[in-house]
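Engineer: fold the following, please.
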Amino acid sequence: MPLVNVDLWEGRKVEEKKKLVEGITNLFVKITGCPKEAVTVIIRDVPKHNWGIGGELSSEKFRDRQVGKEEV
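Structural biologist: Numbering: from 1, shown residues only. From the prediction side, this is the model:
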């Protein structure tokens, strides 16, 4: 039973997440032959101020990059 963890900056739209989960699942099925129902995908939305790259907070390093607001 594959378990895929995906960490993303928060702010992606629900539709984008649906497509991501579907795509990851289909890829696992295609490559491994496992049943679709066996694939679990967990998406964690991480605020940019909780994500560091190269010794800097992403909120400061990428302050000009905005991810779209979450749709519920």
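Engineer: the strands in the chain, which residues?
Structural biologist: Ranges of strands in the chain, per DSSP state E, are 3-9, 40-46, 52-53, 56-57.
Engineer: format these as CSV; extra columns: mean pLDDT, distance to residue 31 and mean neighbour count.
Structural biologist: The C-beta positions use only the backbone N, C-alpha and C, and glycine is treated the same way. Converted to CSV, the strands of the chain look like this (pLDDT from 0 to 100; distance: least, C-beta to C-beta, whole Å; neighbours: other C-beta atoms under 10 Å):
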stretch, mean pLDDT, distance to residue 31, mean neighbour count
strand 3-9, 97, 12, 13
strand 40-46, 98, 15, 13
strand 52-53, 95, 29, 12
strand 56-57, 96, 35, 13
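Engineer: can I get those in TSV with distance to residue 19?
Structural biologist: Shown next, in TSV, are those (distance: least, C-beta to C-beta, whole Å):
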stretch	distance to residue 19
strand 3-9	12
strand 40-46	12
strand 52-53	25
strand 56-57	28
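Engineer: so which of those comes closest to residue 21?
Structural biologist: Between residue 21 and the strands of the chain, the tightest spacing by C-beta to C-beta is seen for strand 40-46, at 4.7 Å.
Engineer: parallel or antiparallel, which strands does that closest one pair with?
Structural biologist: strand 3-9 (parallel) (DSSP bridges).
Engineer: which helix is the longest one in the chain?
Structural biologist: Across the chain, the longest stretch assigned as helix under DSSP state H is helix 14-32.
Engineer: what angle sits between it and strand 40-46?
Structural biologist: Orientation check (axes from the mean of the first three to the mean of the last three C-alpha atoms, to 10 degrees): helix 14-32 against strand 40-46 gives 140 degrees.
Engineer: and helix 14-32, what other elements does it pack with?
Structural biologist: strand 3-9, strand 40-46 (3 or more C-beta pairs under 8 Å, 6 or more residues apart in numbering; DSSP states H and E).
Engineer: hang on, the earlier thing: closest to residue 27 out of the strands of the chain?
Structural biologist: Proximity to residue 27 (C-beta to C-beta) singles out strand 3-9 among the strands of the chain, at 9.5 Å.
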